[in-house]
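**Student:** Give the three-dimensional model of this entry:
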Amino acid sequence: MKIKPISDHVLIEPIKEEEKTKTGILLPDTAEKEKPEQGRVIAVGPGRKDKQGKYIPLEVKAGDKVLFTKYGPTEIKVEDKEYLIAKEEDILAILE
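**Tutor:** Modelled structure (predicted):
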């Protein structure tokens, strides 16, 4: 299944944090973990429309590694793979 975001929405694949603490302790899958705040952009919508109906393109593009708000994106699952859909305003920065 192919997902094509609409408007100013962005499809993000979350980057999972390491399963190990800084001291080398392995964390089990059952341990409570924070939601990811970084991900890789998979697809972007065409952008927002201005008052004249012209699209304002998004600043992010497919392949960008981004930092986003913790609770802004919506979690979805497609074919056993987890993704996030966020509005462009939920993306805080592009990581280089």
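
**Student:** Tell me, how many residues neighbour the nearest residue to Ile76 once chain neighbours are set aside?
**Tutor:** In this structure, Ile76 finds its nearest non-sequential neighbour in Tyr83, 5.3 Å apart by Cβ to Cβ, 6 or more residues apart in numbering. (Glycine included, C-beta is placed from N, CA and C.) Neighbour count of Tyr83, defined by other Cβ atoms under 10 Å: 18.

**Student:** any idea how far Tyr83 is from Val41?
**Tutor:** 11 Å (Cβ to Cβ, to the nearest Å).

**Student:** mind listing the strands for the protein?
**Tutor:** 9-14, 38-44, 48-49, 55-56, 65-68, 74-78, 81-87, 91-95 (DSSP state E).

**Student:** In its sheet, which strands sit next to the fifth one, and in what direction?
**Tutor:** The strands beside strand 65-68 in its sheet (DSSP bridges) come out as strand 38-44 (antiparallel), strand 91-95 (antiparallel).

**Student:** try the fourth one
**Tutor:** The partner list of strand 55-56 in its sheet, established with DSSP bridges, is strand 48-49 (antiparallel).

**Student:** hmm, who's touching stretch 54-72?
**Tutor:** Contact partners of stretch 54-72, identified using Cβ atoms under 8 Å, 6 or more residues apart in numbering, comprise 8, 10, 12, 15, 34-35, 37-50, 84, 86-96.

**Student:** Could you rerun that using 7 Å?
**Tutor:** 8, 10, 12, 35, 37-44, 46-50, 86, 88, 90-95 (Cβ atoms under 7 Å, 6 or more residues apart in numbering).

**Student:** From start to finish, how long is that stretch in a straight line?
**Tutor:** 26 Å (Cα to Cα, to the nearest Å).

**Student:** How about Glu88: what's its closest non-neighbour residue?
**Tutor:** Per Cβ to Cβ, 6+ apart, closest to Glu88 is Asp8, 4.5 Å.
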